[in-house]
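Undergrad: mind folding the following:
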Amino acid sequence: MEELHNIESGAWFSKLSETLQRAILSRTTVRRIADGGAVASRGSAAEEWCGVARGAVRISSISLSGKQVTLTYAEPGTWFGDIALFDGLPRTHDADAHGATTLLVVRKPDFKQLLEQHVELYEALLRLNCRRLRLMFDQIEDLNTRPLQARLAKQILLLARSYGVAQGEEIRIGLALAQEDLAQLLGASRQRVNQELKGFEREGAVRVEPTRLVVLSREKLMAIAER
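TA: Residues are numbered from 1 along each chain as shown. Take a look at the predicted model:
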């Protein structure tokens with residue numbers, strides 16, 4: 001089953017002991033959500049811990065002007081929702097399905113029981129949240145020190161790693177993203193992202209298709225990311 005494989009091969013889950021992996025999976029229920037379906041809402045009580053088995057979960061916030069802004073996407077193999085279960089505070093962001101999405105869901109009582117029975121889970125979640133914090137600092141540093149061109153190239157490389165499907169020498173990014181979505185991830189305008197993507201096309205690094213990006217040369221993108 002591809003969905004289960006996505007969970008078991010995830011960078012975090014795959015490093016857990018087999019005993020803990022089985023314990024977690026035994027307490028999950030499968031939830032399939034249509035594109036745009038709500039997963040969680042800002043301010044709501046935290047009742048579930050979730051792993052993305054297929055598709056993606058869009059994490060977003062509302063700006064002061066009332067516009068929904070995408071912050072990140074939780075990819076297959078990613079677990080989320082544990083922070084609010086730990087501190088008991090409401091959810092900090094909205095989450096909805098981006099494309100047809102499958103989640104493995106652990107209810108709050110089962111999550112608490114897993115923590116009580118498996119000290120390993122505490123340590124594993126601590127490492128997971130340390131990694132999230134490091135990535136957040138990296139993003140803040142990039143936002144303040146790197147030009148948009150480099151940040152966009154780096155973001156495309158990350159998307160290719162998470163959602164890329166190799167087709168010969170090309171890598172098609174399976175996650176459907178409009179240029180506005182990319183712009184929100186980078187804190188830039190759609191017009192500027194469009195200009196940079198046209199430059200990437202001229203350099204032979206990517207091909208832009210409707211709601212899809214195709215990586216033509218990882219090496220060229222990596223060079224742009226280091227500029």
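
Undergrad: excluding sequence neighbours, find me the nearest residue to the residue positioned nearest the centre of the chain.
TA: When the chain is reduced to its mean C-alpha position, the nearest residue by CA atoms, centre = their mean turns out to be A74, at 2.6 Å. In this structure, A74 finds its nearest non-sequential neighbour in V57, 4.1 Å apart by CB to CB, 6 or more residues apart in numbering. Bear in mind the C-beta positions are built from the backbone N, C-alpha and C, glycine included.

Undergrad: ok, what's across the strand from the one you found?
TA: Applying DSSP bridges to V57 gives these bridge partners: A74, A97.

Undergrad: for it, the count of nearby residues, please.
TA: The burial metric for V57, expressed as a neighbour count using other CB atoms under 10 Å, is 25.

Undergrad: can you check the one 5 residues further on too?
TA: Residues near I62, counting by other CB under 10 Å, number 12.

Undergrad: ok so, going back, my guess is the residue nearest to the centre of the chain contacts G51, does it?
TA: No. Using CB atoms under 8 Å, A74 makes no contact with G51, being 9.2 Å away.

Undergrad: what residues are up against the closest residue to F80 other than its chain neighbours?
TA: Nearest residue to F80, sequence neighbours excluded (CB to CB, 6+ apart): A74, at 5.3 Å. For A74, the contacting residues are V52, A56, V57, I59, F80, A95, by CB atoms under 8 Å, 6 or more residues apart in numbering.

Undergrad: repeat that for R212.
TA: Counted by CB under 8 Å, 6+ apart, R212 has contacts R172, I173, A176, L177.

Undergrad: how about the nearest residue to L85, chain neighbours excluded?
TA: A46 is the one closest to L85 (CB to CB, 6+ apart), at 5.1 Å.

Undergrad: residues contacting K112?
TA: Under the contact definition (CB under 8 Å, 6+ apart), the residues listed for K112 are L85.

Undergrad: tell me the pLDDT of it.
TA: Model confidence at K112, expressed as pLDDT, equals 96.

Undergrad: all strands for this protein, in order.
TA: Using DSSP state E, the strands found in the chain span residues 28-33, 38-40, 48-54, 57-62, 68-74, 79-80, 94-97, 101-107, 164-167, 170-173, 206-209, 212-215.

Undergrad: ok, and for the second one, which residues are buried?
TA: Translated: strand 38-40. Residues V39, A40 are the ones in strand 38-40 that count as buried (16 or more other CB atoms under 10 Å).

Undergrad: just checking, I156 touches I171?
TA: No. Here I156 lies out of contact with I171, judged by CB under 8 Å, at a distance of 9.7 Å.

Undergrad: what touches both of the two?
TA: With CB under 8 Å, 6+ apart, I156 and I171 have common neighbours V215.

Undergrad: against which helices or strands is the lengthiest helix in the chain packed?
TA: Within the chain, and with DSSP state H defining each element, the longest helix by residue count is helix 119-145. Based on contacts counted as 3 or more CB pairs under 8 Å, 6 or more residues apart in numbering; DSSP states H and E, the elements that helix 119-145 packs against are helix 18-26, helix 82-87, helix 108-117, helix 148-163.
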